[in-house]
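Enquirer: build me a model from this:
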Amino acid sequence: MRGHGLLAFGCALAALPSSAVALFWPRARLRGCAALLVCALLAAAAAAAQLWDRHAGRWPARLDGERVIAVLRVDSLVEVQGGAVEFDALADIEAPAGLRRTLRLRVVWRDAPRPGPRVGETWRALLRIHPIGGVRNPGGFDPAPMALRSDRQGRAVVLPAAFARRVAAAGPSLDALRERIAAAIRDTVEDRDAAALFAGLAVGATGAMTREQWQVFSATGTTHLVAISGMHVTLFAWLAAGLARRLWGVVAARRALPFAREPCAAAVGVLAALGYALLAGFGIPTQRTAVMLAVWWATRLGGRELSGPEVLGAALLSVLALDPLAPLSSGFWLSFAAMAVLLLDDLEPGAPRRGAVGALARTQARVGVALAPLTLAWFSSVSLAGFVVNFVAIPVISFVLVPLVLLGMLWPGAWRLAEWVHGIGWPPLQAAAGWPGAALSLQADPWW
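Expert: Predicted coordinates for the structure are as follows:
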């Protein structure tokens, strides 16, 4: 029953966003109940097919604790947690013969050999495999939806075995590049907490961040700045487009170019956004941003003007087409809800304009209030200190720390400057996390 309930829940979640587009997309040609029903049924069918396929392929409970010999291909960045390494891997089971199959597992390897496994490598190992889920505390984290979302079919522990060895080295890949950048940051930055944060801001590798760091970010409402957000991708795209415009002007002054300045800037900006999104792991917020930038630039160059909600609707449908199970992620709801709130100004043409500080305060208050129910629903807590802290944290992290971290990929000395900024800003952030009533926690009722 638990599995079928999760299937129904996922289908309903997938149907909601596309149904909302059908109802509220300002210039949609199809309106009313018929369009709503068609969109909902298509989205639910796509989600149901994918959910059913992933649910059927999970490791069965009757084989809980079974020991197998498998060949593992590491296909995620390796995280170090309390002396053990964790990673996702495709496991080809070799023995026992009756259990031969290929699974995607979350693997924990205690006392791993040195040098340990790296993304893209292939290893032979002895595994003890467990199904996803199991006993958990009431109100605690439920791994089942996240496992379905990540297409994990089980979890495994590597057991000591004489034959455990590396079978093949890693080949060139985007994940290997991300891993090398994260390693370079760790080698350059002396402060381990700062290095873990910079790796997260540069390539989305947050596995080395400590529990204490996450607690501070959660209590101060700055978690959205730690992950590579749409704001960071947009800033990087605008910077790349600005540099392309300037370079175009320099070259065009000496020789004729076969393309105009704005198409050149648009192409460079979109490619920069897509590249950064891929380097960050291509999470939902970065997907949304890359699609919105591409749609906005394409319509602008084509002489058409789309409203903000229309661009957001195109991004929403694109993300759902890429991944029908995206609504199982908190980042999906928080990212699109935040952008929808920011775009409300498009629906209020007569709203009075205020100064920069007043506009920032109004926007931040609006986003914070709108996201509070979603944050409580997903995480059972919401930061009250964030309404104050983000006034300083957003400009410092987005306009100072992130550019320095990205510049460090070309000039490692920038990471030392970023470490200095982190050393100044971290103590006040810790102090804010300790304010009385910094965060509000509410435990959801069992029915939720």
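Enquirer: any idea how far Pro412 is from Met146?
Expert: The spacing between Met146 and Pro412, counted by C-beta to C-beta, to the nearest Å, is 35 Å. For the C-beta atoms, the positions are set from N, CA and C on the backbone; glycine is no exception.
Enquirer: residues near Ala144, how many?
Expert: The tally of other residues near Ala144 (other C-beta atoms under 10 Å) stands at 18.
Enquirer: going forward, count from 51.
Expert: From this message on, residue numbering opens at 51, which makes the last subject Ala194.
Enquirer: which residues does Leu247 contact?
Expert: Going by C-beta atoms under 8 Å, 6 or more residues apart in numbering, Leu247 touches Met259, Gln263, Val276, His472.
Enquirer: from Arg242, how far off is the residue most central in space within the chain?
Expert: The centroid of the chain falls nearest to Gly333 when counting by C-alpha atoms, centre = their mean (3.4 Å). Distance, Gly333 to Arg242, by C-beta to C-beta: 24 Å.
Enquirer: with Met196 instead?
Expert: From Met196 across to Arg242, the span is 27 Å (C-beta to C-beta).
Enquirer: when those two are compared, which one has more neighbours?
Expert: Higher neighbour count among Met196 and Arg242: Met196, with 15 against 12, using other C-beta under 10 Å.
Enquirer: where does that one sit: helix, strand or coil?
Expert: Secondary structure, DSSP: H, G, I helix; E, B strand; the rest coil: Met196 is helix.
Enquirer: roughly how far does the spatially closest residue to it that is not a sequence neighbour sit from Trp428?
Expert: Spatial nearest neighbour of Met196, excluding adjacent residues (C-beta to C-beta, 6 or more residues apart in numbering): Leu378 at 7.6 Å. Distance, Leu378 to Trp428, by C-beta to C-beta: 11 Å.
Enquirer: who has more neighbours, these two?
Expert: Taking neighbours as other C-beta under 10 Å, Leu378 and Trp428 compare with Leu378 leading, 22 against 15.
Enquirer: grab the longest strand from this structure for me.
Expert: strand 134-145 (DSSP state E).
Enquirer: show me what secondary structure element comes after it.
Expert: The first helix or strand that comes after strand 134-145 along the chain, using DSSP states H and E, is strand 152-160.
Enquirer: going by distance to Leu113, which of the contacts of Leu247 wins?
Expert: Met259 (33.8 Å; C-beta to C-beta).
Enquirer: over to that closest one. Which of the three states is it?
Expert: Classification of Met259 by three-state DSSP places it in coil.
Enquirer: helix, strand, or coil at Pro163?
Expert: coil.
Enquirer: which non-adjacent residue is nearest it?
Expert: Excluding the flanking residues, the one nearest Pro163 by C-beta to C-beta, 6+ apart is Ala214, at 7.5 Å.
Enquirer: ok, Trp485 next?
Expert: Ala435 (5.4 Å).
Enquirer: do you know how far that neighbour is from Gln480?
Expert: 12 Å.
Enquirer: looking at those two, which one has more neighbours?
Expert: A direct count of neighbours by other C-beta under 10 Å for Ala435 and Gln480 places Ala435 higher, at 20 against 15.
Enquirer: residue contacts, Ser268?
Expert: Per C-beta under 8 Å, 6+ apart, neighbours of Ser268: Phe429, Ser431, Ser433, Ala489.
Enquirer: which among those residues end up buried?
Expert: Buried subset of the contacts of Ser268 (neighbour count, 16 or more other C-beta atoms under 10 Å): Phe429, Ser433, Ala489.
Enquirer: so which of the residues you listed sit within strands?
Expert: Using DSSP E, the members of the buried ones among the contacts of Ser268 that fall within strands are Ser433, Ala489.
Enquirer: in CSV, list the buried ones among the contacts of Ser268 along with distance to Gly271 and pLDDT.
Expert: What follows is the buried ones among the contacts of Ser268, written out as CSV (distance: C-beta to C-beta, whole Å; pLDDT from 0 to 100):
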residue, distance to Gly271, pLDDT
Phe429, 11, 76
Ser433, 3, 83
Ala489, 8, 80
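Enquirer: I'd say the residue nearest to the centre of the chain and Gly280 touch.
Expert: No. Assessed by C-beta atoms under 8 Å, Gly333 is found out of contact with Gly280, at 9.9 Å.
Enquirer: residues bridging contact with those two, i.e. touching both?
Expert: Overlap of the contact sets of Gly333 and Gly280 (by C-beta under 8 Å, 6+ apart) is empty.
Enquirer: any idea of the mean pLDDT for stretch 148-162?
Expert: Mean pLDDT, stretch 148-162: 89.
Enquirer: what about that stretch, start to end distance?
Expert: Distance across stretch 148-162, first residue to last, is 28 Å (C-alpha to C-alpha, to the nearest Å).
Enquirer: residues making contact with that stretch?
Expert: By C-beta under 8 Å, 6+ apart, the list of residues contacting stretch 148-162 reads 107, 109, 113, 116, 118, 122, 125, 133-144, 166-167, 175, 177, 179, 197, 201-208, 210.
Enquirer: filter those down to the buried ones.
Expert: Buried members of these, counted by 16+ other C-beta under 10 Å: 109, 116, 118, 122, 135-139, 141-143, 166-167, 175, 177, 179, 197, 202-208.
Enquirer: if we can go back for a sec, distance check, the residue nearest to Met196 against Thr238.
Expert: Counting by C-beta to C-beta, the gap from Leu378 to Thr238 is 37 Å.
Enquirer: do the same with Gly166
Expert: 21 Å.
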